[in-house]
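I'd like to go over a predicted model; first the sequence, then the structure.
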Amino acid sequence: MSDMIKIYINGREYEVAAGQTIMEAADKLGYHIPRLCYHPKLSIEGACRVCIVEVEGMRNFVASCAYPVTEGMKIRTNTKEIRRTRRDIVELILDNHPQDCHTCERNSNCELQRLSESMGIQRRHFEGEKKHYDKDLSSPAVVRDPDKCILCGRCVRMCSEVQNIHNLTQAHRGFKTVVMPAYNMPMDESVCSTCGQCINVCPTAAFMEYNYTQDLFEKLNDDSLTKVVQFAPAVRAAIGEAFGMAPGNNMEGQLVAALRKLGFDYVFDTQFSADLTIMEEGSEFLERLQNKGKLPLITSCSPGWMKCVEQFYPDMLDNISTCKSPMSMAGALIKTYFAEKIETDPKKILSVAVMPCTAKKYEADRPELEVDGMKTTDIVITTRELAWMIKSAGLDFINMPGEKPDAPMGVSSGAGAIFGVTGGVMEAAIRTAYELFTGETLVDIEMDNLRGLSGVKEGKLEIDGEEIRIAVAHGLGNASKLFDIVRKEPDRFHFIEIMGCPGGCIGGGGQPYCHAFSESLGEECLAARAKALYDIDRGKTIRRSLDNPDVQKLYKEYLQRPMSEMSHKLLHTHYKAQEPKGIIPAKSKR
């Protein structure tokens with residue numbers, strides 16, 4: 001048990017654990033100290049000074065996020081002087097900030113806006129020169145707007161400390177300080193993985209996803225197009241948060257209904273193609289295992305991770321599964337199998353994907369994923385973008401009667417649902433691979449050792465007398481730790497799952513901001529979303545991908561079998577080494 005010490009906050013005596021910062025202790029005691037640069041998942045920056053408090057005996061105010069409590073410390077958090085100083089600090093930030101709150105993408109969901117309101121700031125007091133930089137619109141996934149940046153450093157720390165990409169840094173000094181990729185490279189020429197985690201931690205709108213909603217609205221009104229949409233597992237577990245609901249509500253039925261009301265002719269569930277991915281990837285794993293192919297096999301569903309591998313781990317490309325992601329598998333089938341079924345020219349089909357992931361926008365543009373020269377996913381929007389479209393269209397999402405996805409790509413197993421959670425792809429794959437290998441059904445299909453938010457998880461499974469060693473990592477920083485192990489011990493694992501975002505797809509860069517409910521990345525928020533997907537799995541009659549009757553029908557009618565020539569044409573791809581166009585900062589350990 002931690003040593004306890006006595007402190008005083010605003011004249012009241014408290015006993016707290018030693019080793020905490022003033023902010024941590026105050027939070028636990030019910031005193032919320034305002035903050036901007038602080039983030040519980042990142043290192044302490046102490047840059048914004050919004051969290052200042054008065055400590056008796058100290059000449060100056062101290063930053064509560066960085067200053068530790070000591071025995072007998074007397075702290076004041078809410079004096080007239082502190083309130084005035086904090087307000088001055090925030091007013092100075094505001095007066096160098098664009099005055100476009102009503103038209104800003106983060107309006108009503110901006111930490112700077114909320115902080116200003118809580119401090120009673122009602123007008124701007126300071127006038128002077130304002131910084132101005134052009135928006136960086138080069139990336140198909142992530143937009144950088146330096147004018148909105150308040151130099152809190154969260155994006156820089158997220159990119160380096162959690163994702164280990166080191167794409168962003170603060171350049172120049174004083175008034176000219178700006179966050180940018182190395183050498184001010186455009187985002188699409190930098191080492192950015194397009195994961196969007198900078199968006200999730202940015203308190204303003206300095207980073208946002210590239211918005212395709214207006215383009216999509218226009219195409220939805222084009223009567224010459226057949227409009228088809230798919231939605232990912234994690235979207236249903238999070239979209240309710242954008243409408244004021246607590247995390248973890250499964251809004252699948254309302255989601256399907258809303259998409260139809262927006263104008264889509266067919267609504268498919270990406271969980272169907274997740275089942276298909278398992279059939280292909282499970283078969284690929286068994287083929288490599290039995291024929292002494294390149295192991296460990298590493299999953300390839302996360303586009304941010306794939307870009308990371310191509311840039312930083314080209315020596316591991318032979319280990320990467322050739323399977324496309326569920327989104328791209330569904331896109332390929334929509335423009336071929338489904339187009340034939342409805343007797344429609346695939347060039348007249350608008351294929352849209354609703355994803356929790358900004359990197360899916362980058363994935364959709366990859367030429368390697370084209371089929372017969374066609375782009376198979378025309379537009380990708382995030383969960384946040386869809387929520388805005390639903391609100392913009394005046395739809396009563398919360399009270400909307402639920403509807404079911406369309407056939408033939410709407411039926412899915414429980415295994416397809418857990419694709420959205422770290423460890424879920426591995427768990428789903430094992431359920432099917434075990435039966436494909438042994439001919440027997442795996443009885444205990446829930447694998448607790450693969451669940452939870454630990455950064456790197458390991459496990460073992462016996463399949464027909466052979467020990468299969470597996471590993472799971474989520475977040476690109478944890479992926480790099482796992483790859484360090486694999487490079488040193490290439491025979492340690494047979495099968496590896498990696499998701500680019502913390503928590504997996506549930507924590508994707510396009511999901512509703514967890515700090516709408518909590519200022520952290522919100523492990524409690526991610527856990528609630530994960531529970532929603534696990535509950536869907538448990539509620540399904542079919543829990544293994546190979547038992548999905550529509551997947552079986554697809555193979556019988558069109559694909560023949562997993563890993564067939566037609567499967568390879570539509571469902572598999574290749575990856576190649578990419579020389580990073582940007583310069584990797586010296587900090588990077590890659």
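Noted; the coordinates are in hand.

need the phi and psi values for the residue nearest the centre of the chain.
Geometric centre of the chain, nearest residue: residue 508, 1.1 Å, by CA atoms, centre = their mean. Dihedral pair for residue 508: phi -60, psi 160, per degrees, to the nearest 10.

let me see the contact set for residue 433.
Contacts for residue 433 (CB atoms under 8 Å, 6 or more residues apart in numbering) come out as 282, 285-286, 463. C-betas here are computed from N, CA, C, even on glycine.

can I get those residues in CSV with pLDDT, neighbour count and secondary structure?
Output for the contacts of residue 433, formatted as CSV (pLDDT from 0 to 100; neighbours: other CB atoms under 10 Å; DSSP: H, G, I helix; E, B strand; the rest coil):
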residue, pLDDT, neighbour count, secondary structure
282, 92, 26, helix
285, 94, 25, helix
286, 92, 20, helix
463, 82, 19, strand
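
what residues are up against the closest residue to the residue nearest to the centre of the chain other than its chain neighbours?
Nearest non-adjacent residue to residue 508, counting by CB to CB, 6 or more residues apart in numbering: residue 356, 3.4 Å away. By CB under 8 Å, 6+ apart, the contact set of residue 356 is 232, 234-235, 238, 382-383, 420, 505-506, 508-511.

which among those residues end up buried?
Burial by neighbour count, 16 or more other CB atoms under 10 Å: within those this picks out 232, 234-235, 238, 382-383, 420, 505-506, 508-511.

nearest to residue 295 among these?
residue 505 (25.2 Å; CB to CB).

ok, the closest one - contacts?
232-234, 356-357, 419-421, 499.

how close does it sit to residue 233?
7 Å (CB to CB, to the nearest Å).

any common contacting residues for these two?
419-420.

about what we covered before: any idea how far the residue nearest to the centre of the chain is from residue 247?
Distance from residue 508 to residue 247, by CB to CB: 14 Å.

and for residue 422?
From residue 422 to residue 247 the distance is 16 Å (CB to CB).

same question for residue 59.
44 Å.

who has more neighbours, the two?
residue 247 (25 against 6; other CB atoms under 10 Å).

wait, that one touches residue 531, no?
No: using CB atoms under 8 Å, residue 247 makes no contact with residue 531, being 9.1 Å away.

where exactly do the helices run in the stretch 201-350 of the chain?
213-220, 233-236, 252-262, 270-290, 303-312, 326-333, 339-341 (DSSP state H, counting those that start in this stretch).

quick check: which of these is nearest to residue 55?
That would be, of these and by CB to CB, helix 303-312, which comes in at 42.6 Å.

who does that closest one touch, helix- and strand-wise?
helix 359-364, helix 476-488 (3 or more CB pairs under 8 Å, 6 or more residues apart in numbering; DSSP states H and E).

could you rerun that using 10 Å?
helix 359-364, helix 476-488, strand 495-499 (3 or more CB pairs under 10 Å, 6 or more residues apart in numbering; DSSP states H and E).

in a markdown table, list those along with mean pLDDT and mean neighbour count.
Below are the helices and strands packed on helix 303-312 laid out as a markdown table (pLDDT from 0 to 100; neighbours: other CB atoms under 10 Å):
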| stretch | mean pLDDT | mean neighbour count |
| --- | --- | --- |
| helix 359-364 | 97 | 28 |
| helix 476-488 | 94 | 18 |
| strand 495-499 | 96 | 29 |
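
what separates residue 575 from residue 417, distance-wise?
Distance from residue 575 to residue 417, by CB to CB: 27 Å.

who has more neighbours out of the two?
residue 417 (31 against 18).

now that one. Its backbone dihedrals?
Residue torsions, per degrees, to the nearest 10, at residue 417 are phi -70, psi -40.

list the contacts of it.
By CB atoms under 10 Å, 6 or more residues apart in numbering, the contact list for residue 417 reads 233-234, 236-237, 250, 252, 269, 271, 274-275, 424, 428, 532-540, 543.

same thing but 8 Å
233, 271, 274, 424, 533-534, 536-537, 540.

farthest pair within the residues you listed?
274 and 534 (14.6 Å).

who's more crowded, these two?
residue 274 (30 against 19).

was I right about the more buried one contacting residue 427?
No: applying CB under 8 Å, one finds residue 274 not in contact with residue 427, separated by 11.9 Å.

now do the shared contacts for the two.
Joint contacts of residue 274 and residue 427 (CB under 8 Å, 6+ apart) are residue 415.

against residue 500, how distant is residue 166?
For residue 166 relative to residue 500 (CB to CB), the value is 15 Å.

how about residue 37?
25 Å.

of those two, who's got more company?
Between residue 37 and residue 500, counting by other CB under 10 Å, residue 500 is the more crowded of the two (31 against 22).

check contacts around the more buried one.
163, 193, 195, 302-305, 308, 357, 359, 475-476, 479.

what number of residues lie near the residue lying closest to it once chain neighbours are set aside?
Leaving aside its chain neighbours, residue 500 sits nearest to residue 304 (3.5 Å; criterion: CB to CB, 6+ apart). Counted by other CB under 10 Å, the residues lying close to residue 304 total 30.

do residue 322 as well
So residue 322, with other CB under 10 Å, has 16 neighbours.

that one against residue 569, yeah?
No: Residue 322 is not in contact with residue 569 according to CB under 8 Å; the separation is 11.7 Å.

tell me where the stretch 51-200 of the chain has helices.
Ranges of helices in the stretch 51-200 of the chain, per DSSP H, counting those that start in this stretch, are 80-94, 111-118, 154-157, 197-201.

just those: most buried one?
Ranked by mean neighbour count, the helices of the stretch 51-200 of the chain are led by helix 197-201 with a mean of 26 (mean count of other CB atoms under 10 Å).

what's that one in contact with?
With CB under 8 Å, 6+ apart, helix 197-201 has contacts from 39, 41-42, 142, 154-155, 158-159, 162-163, 168, 207-209, 358, 501-502, 507, 509-511, 513-514, 521.

tell me the domain ranges of the protein?
For the chain, automatic domain parsing gives the domain ranges 4-78, 101-209, 214-571.

just the endpoints, please. Distance across the second one?
Using CA to CA, to the nearest Å, one end of domain 101-209 lies 18 Å from the other.

centre of the chain versus that domain, how much separation?
Relative to its parent chain, domain 101-209 has a centroid offset of 18 Å by CA atoms, centre = their mean, to the nearest Å.

again with the first one
Between the mean C-alpha point of domain 4-78 and the mean C-alpha point of its chain there is a distance of 31 Å (CA atoms, centre = their mean).
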